[in-house]
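> build me a model:
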Amino acid sequence: MGEQSHGQHDRQRAPGSLGNSSDAARVMKGMRMAGRMGGDRVKMKGLKVVKIFAEKNYILVSGSVPGHIGSIVLIQN
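Next up is the predicted model:
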(Lines give C-alpha, C1' and ligand atoms only; values in the text may rest on other atoms or scores of the structure.)
Protein backbone atom coordinates (compact mmCIF):
# COMPACT_ATOMS: atom_id res chain seq x y z
CA MET A 1 0.00 0.00 0.00
CA GLY A 2 2.70 2.53 0.89
CA GLU A 3 2.29 6.20 0.07
CA GLN A 4 -0.29 7.68 -2.25
CA SER A 5 0.85 8.72 -5.72
CA HIS A 6 -0.59 9.40 -9.17
CA GLY A 7 -4.15 10.16 -8.15
CA GLN A 8 -4.61 7.20 -5.86
CA HIS A 9 -7.76 7.93 -3.88
CA ASP A 10 -8.23 6.44 -0.40
CA ARG A 11 -6.78 2.97 -1.18
CA GLN A 12 -5.42 2.53 2.33
CA ARG A 13 -8.95 2.36 3.78
CA ALA A 14 -10.55 0.34 0.98
CA PRO A 15 -11.21 -3.35 1.69
CA GLY A 16 -9.72 -4.69 -1.56
CA SER A 17 -11.00 -7.87 -3.21
CA LEU A 18 -13.94 -9.52 -1.43
CA GLY A 19 -15.20 -12.40 -3.57
CA ASN A 20 -13.87 -15.29 -5.60
CA SER A 21 -12.71 -14.84 -9.18
CA SER A 22 -15.07 -16.38 -11.74
CA ASP A 23 -16.46 -19.53 -10.10
CA ALA A 24 -18.74 -18.13 -7.44
CA ALA A 25 -18.63 -14.49 -8.64
CA ARG A 26 -20.20 -13.25 -5.42
CA VAL A 27 -19.32 -12.44 -1.84
CA MET A 28 -19.63 -15.51 0.37
CA LYS A 29 -21.96 -15.58 3.38
CA GLY A 30 -20.22 -14.82 6.65
CA MET A 31 -17.48 -12.71 5.04
CA ARG A 32 -16.07 -10.43 7.70
CA MET A 33 -16.76 -6.80 6.88
CA ALA A 34 -16.74 -3.45 8.59
CA GLY A 35 -19.94 -2.27 10.18
CA ARG A 36 -21.71 -1.24 13.32
CA MET A 37 -22.08 -3.63 16.24
CA GLY A 38 -24.07 -3.34 19.43
CA GLY A 39 -27.48 -2.01 20.27
CA ASP A 40 -28.81 -5.51 20.98
CA ARG A 41 -30.77 -6.45 24.08
CA VAL A 42 -28.64 -8.62 26.38
CA LYS A 43 -29.67 -10.94 29.22
CA MET A 44 -27.30 -11.63 32.10
CA LYS A 45 -27.82 -14.70 34.26
CA GLY A 46 -26.46 -15.43 37.69
CA LEU A 47 -26.39 -11.86 39.07
CA LYS A 48 -27.33 -11.46 42.72
CA VAL A 49 -29.50 -8.73 44.22
CA VAL A 50 -27.55 -7.64 47.30
CA LYS A 51 -29.79 -4.94 48.77
CA ILE A 52 -32.90 -2.92 47.88
CA PHE A 53 -33.19 0.76 48.83
CA ALA A 54 -36.94 1.35 48.43
CA GLU A 55 -36.84 4.99 49.56
CA LYS A 56 -34.27 5.93 46.88
CA ASN A 57 -35.50 3.52 44.15
CA TYR A 58 -32.10 1.76 44.06
CA ILE A 59 -31.33 -1.93 43.67
CA LEU A 60 -27.77 -3.04 44.47
CA VAL A 61 -26.66 -5.85 42.12
CA SER A 62 -23.50 -7.92 42.45
CA GLY A 63 -21.82 -8.40 39.07
CA SER A 64 -21.48 -6.60 35.78
CA VAL A 65 -24.61 -5.09 34.26
CA PRO A 66 -24.45 -4.31 30.50
CA GLY A 67 -25.39 -0.88 29.18
CA HIS A 68 -24.52 2.76 29.58
CA ILE A 69 -24.43 4.52 32.94
CA GLY A 70 -27.92 5.82 33.71
CA SER A 71 -29.69 3.55 31.22
CA ILE A 72 -32.83 1.59 32.07
CA VAL A 73 -32.32 -1.99 33.31
CA LEU A 74 -35.09 -4.61 33.33
CA ILE A 75 -34.88 -7.14 36.16
CA GLN A 76 -36.90 -10.34 35.90
CA ASN A 77 -36.94 -13.85 37.42
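> ok, and the closest non-adjacent residue to residue 73?
Computed as Cβ to Cβ, 6 or more residues apart in numbering, the closest residue to residue 73 that is not its neighbour in sequence is residue 65, at 6.0 Å. (C-beta placed from N, C-alpha, C; glycine too.)
> show me what contacts that neighbour?
44, 47, 73 (Cβ atoms under 8 Å, 6 or more residues apart in numbering).
> thought the second one was touching residue 60?
Translated: residue 47. No: between residue 47 and residue 60 there is no contact under Cβ atoms under 8 Å: 10.8 Å.
> related to what we said a few turns ago, and the least confident of the contacts of residue 65?
Within the contacts of residue 65, residue 73 has the lowest pLDDT, namely 87.
> wait, that one sits on residue 67?
Yes: using Cβ under 8 Å, residue 73 is in contact with residue 67, at 6.5 Å.
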